[in-house]
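A.B. asks: here are the coordinates; sequence isn't available:
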């Protein structure tokens, strides 16, 4: 893992959290954009409604109002807390959901517009949605890190291209070689193998910024869980 790449990603990750906690408008805006899909996905899965539902929008707004409030929970998040940032955010979402549901019960409101409100008390469904979006965030960050490392390197850029065509577009190595035109099939296979190795390293780097307390073996396990959640 390259130290400059780790530092580059780590600074954007934690300076964003600290800046949002300090009420820096730009950091709060980026924080909301980054974690908004995670928040909406959790509530939509919990209540089994669309992520665009009015109820989901209201709950998401409440989450960010609470997080960004003076002396709010974001000011108390610790970088080396067990489990990292993920359980912190999940806990805030769960608390807000419970409060809104208690309020609804007191008002005897059982519908979301014309839909019956269904709450998954086991939280398996919302947890699954949360984990899936979190996994997407981690893998997106790994791709971003690889793109940063590939700047100015033709072969590194081809590695990314080959990985994307193979695992996102589902192309065969033969078709990839044909479409790129500058590579033969053997080179595509080598780039694919190297690309998988680089992606694993990037994923480990990103995961380490979220879980600095974990051993390399534990980080490997978390990376496998991320891939399985996609």
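C.D. replies: Received the coordinates, thanks. Predicted, not measured: the structure shown is a model, and the values here were computed from it.
A.B. asks: Correct me if wrong: residue 134 contacts residue 93.
C.D. replies: No. Between residue 134 and residue 93 there is no contact under C-beta atoms under 8 Å: 11.6 Å. Any C-beta I mention is one placed from the backbone N, CA and C, and that applies to glycine too.
A.B. asks: any idea how far the nearest residue to residue 229 once chain neighbours are set aside lies from residue 49?
C.D. replies: Sequence neighbours aside, residue 135 is the residue nearest to residue 229 in space, at 3.9 Å (criterion: C-beta to C-beta, 6 or more residues apart in numbering). Using C-beta to C-beta, to the nearest Å, residue 135 is found at 22 Å from residue 49.
A.B. asks: and what of residue 42?
C.D. replies: Distance of residue 42 to residue 49, computed by C-beta to C-beta: 12 Å.
A.B. asks: Which one's more surrounded, those two?
C.D. replies: residue 42 (31 against 19; other C-beta atoms under 10 Å).
A.B. asks: model confidence over the helix or strand where the more buried one lies, on average?
C.D. replies: Following DSSP states H and E, one finds residue 42 within helix 25-47. In this model, helix 25-47 has a mean pLDDT of 89.
A.B. asks: Now do the residue nearest to residue 229: how many residues are near it, please.
C.D. replies: Neighbour tally, residue 135, other C-beta under 10 Å: 17.
A.B. asks: quick one: contacts for it?
C.D. replies: The contact partners of residue 135, by C-beta atoms under 8 Å, 6 or more residues apart in numbering, come to 225, 226, 227, 229, 230.
A.B. asks: wait, isn't the second one in contact with residue 203?
C.D. replies: Yes. Counting by C-beta under 8 Å, a contact exists between residue 226 and residue 203, whose distance comes to 6.9 Å.
A.B. asks: Tell me the residues that contact both of the two, please.
C.D. replies: With C-beta under 8 Å, 6+ apart, residue 226 and residue 203 have common neighbours 138, 139.
A.B. asks: Tell me which of these two has more neighbours.
C.D. replies: residue 203 (24 against 21).
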